[in-house]
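Engineer: Predicted model follows, preceded by the sequence.
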Amino acid sequence: MEKKKMNDKGFSLVELIIVIAIMAILIAVLAPQYLKFVERSRKSADRDTVDQIIRAVQIDYADPETSNNPDGHYVKVSTTAAKVTDSGVCDATVMSTILTGTGIDRIQLKSSQWSNGSADVTEIYIHFVVDSNGNVQSYVTDNASLGASPATNITDGTKLITE
């Protein structure tokens, strides 16, 4: 009896097609979840950026050696520009001085999925108001005019989330 040698090297075409089909099914199921997690992490990074700016302004205002008063100022952070712009009714260099002094000078929104309920938002404004007790209140809005919003809110979908 003569034994035939079988060439068992490699995979058959059917085995490869089955593996590719299984991988395609896994990708189709997992890709949308992965994209949701990525967007959620971008929004979280944006919230951290906003919190970092707010803390920097509050710490600077609490320092008795500085004369920076953030009252009436705002910081505009955009999805398109990586530079923080500032403006306000007082000295326009106040916010730049505060942010640059704390190392915050190149900030950009990571998520492009912010919305004010009717349109996409490509920039947010962090407003600062000093209340009657001397505390710095911050308001995050989607426009340069300050509305009656609760402190530290940011637009998320069609509603405002207070943190």
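Structural biologist: Everything's here; your move.
Engineer: Select the longest helix from this protein.
Structural biologist: What stands out as the longest helix in the chain, according to DSSP state H, is helix 13-62.
Engineer: pretty sure Ala56 contacts Leu99?
Structural biologist: Yes. Between Ala56 and Leu99 there is a contact under CB atoms under 8 Å: 6.2 Å. Just so you know, the C-beta spots here come from the backbone N, C-alpha and C atoms, and that holds for glycine as well.
Engineer: any idea how far Phe11 is from the most centrally placed residue in the chain?
Structural biologist: Nearest to the mean C-alpha position of the chain, by CA atoms, centre = their mean, lies Asp46 at 1.8 Å. From Asp46 over to Phe11 the distance is 47 Å, taken as CB to CB, to the nearest Å.
Engineer: Contact partners for the residue nearest to the centre of the chain?
Structural biologist: 109-111, 114, 154 (CB atoms under 8 Å, 6 or more residues apart in numbering).
Engineer: farthest pair in these?
Structural biologist: Farthest-apart pair in the contacts of Asp46 is Lys110 and Ile154; separation 12.8 Å (CB to CB).
Engineer: same question for the longest helix of the chain, mean pLDDT?
Structural biologist: Across helix 13-62, pLDDT averages out at 89.
Engineer: C-terminal to that helix, what's the next element?
Structural biologist: strand 73-78 (DSSP states H and E).
Engineer: helices or strands next to that following strand in the packing?
Structural biologist: If you count contacts as 3 or more CB pairs under 8 Å, 6 or more residues apart in numbering; DSSP states H and E, strand 73-78 packs onto helix 13-62, strand 85-88, helix 93-101, strand 123-130.
Engineer: CA atoms only for that strand - export them in CSV, please.
Structural biologist: Extracted C-alpha coordinates of strand 73-78, given in CSV (Å, rounded to 0.1, in the frame of the first residue of the first chain):
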residue,chain,number,x,y,z
HIS,A,73,-15.3,89.2,29.2
TYR,A,74,-15.7,86.0,27.2
VAL,A,75,-13.4,83.5,25.5
LYS,A,76,-14.4,82.1,22.1
VAL,A,77,-13.3,78.6,21.3
SER,A,78,-13.9,77.3,17.8
